[in-house]
Every structure is written in C-alpha cells, then in structure tokens.
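Engineer: Next come a sequence and a model predicted from it.
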Amino acid sequence: MKMETYFLSNEDILKFYDRIVKDYQLYVPVKTKTPIKIACDYGFSLPTDDYILKEYSAVNKEEIVFNEYRPIEPVRTFFNQYKEEVGEYFAQETIEKDKKEKPVAISGIKNCDIFSLKIQDFVFLGKDDDIVDPFYKKRRQDALIISGDCPGFKEACFCRAFDINPYCEQGFDFNLSVLNNGYLVDVNSKKANLIAGSIRDLLTPATLGQLSGRSAKRDAVIRKLDEHLSHHKIPKKEVLQEIVKAGHNSQIWHEQMRTCVECGGCIFMCDTCHCFLLSDEISGNNSKRLRVWDGCLLKNFTRVAGGGNALKMRYMRLRNRYIKKFDFFIDNIGFQACCGCGRCIDVCPGRIDIRNILRRLYDEKYLPAS
Ligand code: SF4
Ligand code: SF4
Ligand code: SF4
C-alpha cells in the first residue's frame, strides 16, 4: 500500500494514543534518570538523557515525551522475552501462548531498532519460512510499530557509520516526525490505515511546506551526526568482514577484555543479539521447557557436559561476538548484525567501545606500523 502522510497537532497526540489502546497494549517513551552518562570527547554538546518505554495505561500522561533517540531497552524485548516457557512435556493440553494478551503497540523506536528487526526476523522467522519460532512470529505479526525520527542523537549513536539513517522510511506501521506544532504521521500498513481511518478528524493531509520542513530537519541531523562520527573514524560497512577476519590473532581482543567484568550487559542490551539456551524445570507433575537469553560474552556460553569450553578465554568470547556480527551475518544475509544503536557502549562498565575496536582493527590492517 502507498504510504500516506498526515499532520497531527500536539494537542491530539494523546487522542491518537487513546485510539491505539483500544486494540493494543501500548508502550510509550518516558524520560528516566540513569547513572551512566557518556560525554563527547570531541567537543559536541550532546544530550545525555535516557528514555524507557512504559505501558501507556501505567504512566501519567504528562510524563509521555517524544524521545529524541532510541530508548534504553532493545526492541527485541517485545518479541522475544528474556525468559519464557516454550513447551511442556506431560501436559494434557499444549500451551497456547499469548491467547489473552492484546498485541503490543510500541511507540518511540527508531531506525536503528527497525534495522535490528531484520536480524531478529532472519533468526526467528527463517529464510524460507520453514524454521519458524511461533512465539516470535505471532508477536511480530500482531505488533503495531510506531517509529519516530531522531531529532537528536546520543554520543554512543553511530547508525550512519553503517549507512542507516536516523529516520525511518520503511519497516513501520506509523512513523512520527516532530514539527514545531505537532507531528507528521506516516501511515504505512493496512492496520495503521484502519486506525487512521477511524480518527480522520484528528488528521489533515500533510502540506508541501510541512514535508519540506521535515526533510530539512532530517538533513540537519544527518549533517551533525556525520560530523560527530567523522571524529570516531569508524570503518565503513564494506570493510567490516575483512578487518574482523584479518584481526583474528590481534592483541586487541586481549587488551580490550582487561576491563570486562563479564556482566553480560552488552549482549543483553544489544538490539541484534539473539542467542538463547533451553533448560527444563519441574512444575508439579509436569515439566516445562524454558528459553532464556544467553550470549557469547558469558563464561559458560559454550561449556558442554564434561566441562569442555570452546570459548574458554575471555578474548575468544569477545572475538566470537565480532565474528558473528561482521563475518557470519555478512556471509549469510549480506549485511552486518549491528545497527549502530550504541547500547553496548552505554551499558559497559568496562568502557569497551565497539567503535574503538572496529577502528583499531582497521588501523592494524591498513595503517603501517609506526
Ligand atoms: S543510532 Fe541513529 S537511529 Fe538509532 S537512536 Fe541513534 S541517531 Fe537514532
Ligand atoms: S553491537 Fe552494540 S551498537 Fe551494535 S546493535 Fe548491538 S548494542 Fe547496538
Ligand atoms: S558490558 Fe562490558 S563488562 Fe559487561 S560483559 Fe560486555 S564487555 Fe564485559
């Protein structure tokens, strides 16, 4: 369907959300305080606020904001829960998950998050729809995605290094772009169109002036983000696979892991990570199978019965993360499993920075040793 764009005034945004909660369990962005604030080393005055997504029905409406950049939590948390029951052994009836749950609507996700869903879809929906995770599939199909442009960015944001723009042009149902007195609302799916059709009194077709105003704002954010990223010197996406392979025996992995405390923050906050383990639990006369998030930075990620561990050393685990993201995925789907959201940078107590590691791998391969 052809995307249509409307104007929604500031006063009517809550009416828009009120309409959505009739059919969906809606999550909206609110500001939150976090202890870790990363300032810019290059003199840019960048925001350090953080946002989280909260259930609409549980927040004071005055708390709801339009977030300038992505929220703290990765979007995958809505489709693939940290810990969930995926089967039972001896039950009389099979589990019917999500039977009574309303589908979710998520407002406040950004284009890095939209990009990350391509990775999650590849893993959980399969290439040819043959190996499908039914829980993920149902949530993903039913969800309403309300993305938004990024009028600002955090120090850790580096989407543009991989040619991902700080605004969405596909992959959403609704997209909101902030104007001075309201929002441009892109309507991009049948389910969004159905909702838009029921609130026509709130929406007026976007004018050429509003559309060109949005383009100017988008271009301005790109210019500023590109200028900021030029200081970080992040390698282009075309060389990622090459530099990670060439750096297999690099000392960088050892050096970087000196400050790792193995908290798992980087893997659990990552938009594109997706590994899990299955474990069984006894529940009354029954036995249930649980799926729990896992990740290669954790010591026991590859431990097997008998105690063997293919990624015994910490440097091996860090390297594995980069091989998976920048070699395996490029080989299998043609692009990297990283969207530049910077969540792993924000969360790491060891100050381990993916941008720095990629730059150093590039330098080792291409710059002559001094
Ligand atoms: S990484 Fe890019 S798209 Fe994501 S929040 Fe930051 S500026 Fe926006
Ligand atoms: S590796 Fe870091 S920047 Fe890349 S998707 Fe994961 S959290 Fe975001
Ligand atoms: S967030 Fe940092 S300290 Fe924690 S596991 Fe990841 S690299 Fe190690």
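Structural biologist: It's in. Numbers count the residues shown, from 1 in each chain. Ligands and ions are numbered 1, 2, ... in the order given.

Engineer: can you pull the contacts of the residue in the stretch 101-250 of the chain that ligand 2 sits nearest to?
Structural biologist: Closest approach between the stretch 101-250 of the chain and ligand 2, counting by C-beta to the nearest ligand atom: S116, at 6.0 Å. All C-beta spots, glycine's among them, are computed from the backbone N, C-alpha and C. Counting by C-beta atoms under 8 Å, 6 or more residues apart in numbering, S116 touches 74-76, 271-272, 339, 341.

Engineer: before we move on, which element is it in?
Structural biologist: Per DSSP states H and E, S116 falls inside helix 111-125.

Engineer: check contacts around R76.
Structural biologist: R76 neighbours (C-beta under 8 Å, 6+ apart): 116-117, 120, 271, 274.

Engineer: of these, closest to ligand 3?
Structural biologist: Ranked by distance to ligand 3 (C-beta to the nearest ligand atom), the contacts of R76 are led by D271 at 14.3 Å.

Engineer: just checking, the closest one touches G340?
Structural biologist: No - look at D271 against G340 with C-beta atoms under 8 Å: they stay out of range, at 9.2 Å.

Engineer: Any regions of the stretch 201-350 of the chain where pLDDT drops low?
Structural biologist: The model of the stretch 201-350 of the chain has no residue with pLDDT under 70.

Engineer: all helices of the protein, in order?
Structural biologist: 13-20, 111-125, 134-142, 190-198, 208-232, 240-246, 252-256, 265-268, 314-323, 329-333, 343-347, 354-366 (DSSP state H).

Engineer: What sits closest to the closest residue to ligand 3 within the stretch 101-250 of the chain if chain neighbours are left out?
Structural biologist: Among all residues of the stretch 101-250 of the chain, A156 sits closest to ligand 3, at 12.5 Å; criterion: C-beta to the nearest ligand atom. Using C-beta to C-beta, 6 or more residues apart in numbering and skipping the chain neighbours, the partner closest in space to A156 is G342 (2.8 Å).

Engineer: check contacts around I352.
Structural biologist: Taking C-beta under 8 Å, 6+ apart, we find I352 in contact with 256-257, 259-260, 266, 318, 344.

Engineer: Provide a ChimeraX selection command restricted to the buried entries of the residues you listed.
Structural biologist: ChimeraX command restricting those to the buried ones, with burial defined by 16 or more other C-beta atoms under 10 Å:
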select :256,257,260,266,318,344
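
Engineer: out of the contacts of I352, who's nearest Y17?
Structural biologist: Closest approach between these and Y17, by C-beta to C-beta: C344, at 30.7 Å.

Engineer: my guess is the closest one meets C266, correct?
Structural biologist: Yes - assessed by C-beta under 8 Å, C344 is found in contact with C266 at 3.8 Å.

Engineer: near ligand 2, from the contacts of I352?
Structural biologist: C344 (C-beta under 6 Å from any ligand atom).

Engineer: Any chance of CSV for the contacts of I352, columns distance to ligand 1?
Structural biologist: Below are the contacts of I352 laid out as CSV (distance: C-beta to the nearest ligand atom, whole Å):
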residue, distance to ligand 1
Q256, 22
M257, 25
T259, 24
C260, 23
C266, 16
L318, 22
C344, 12
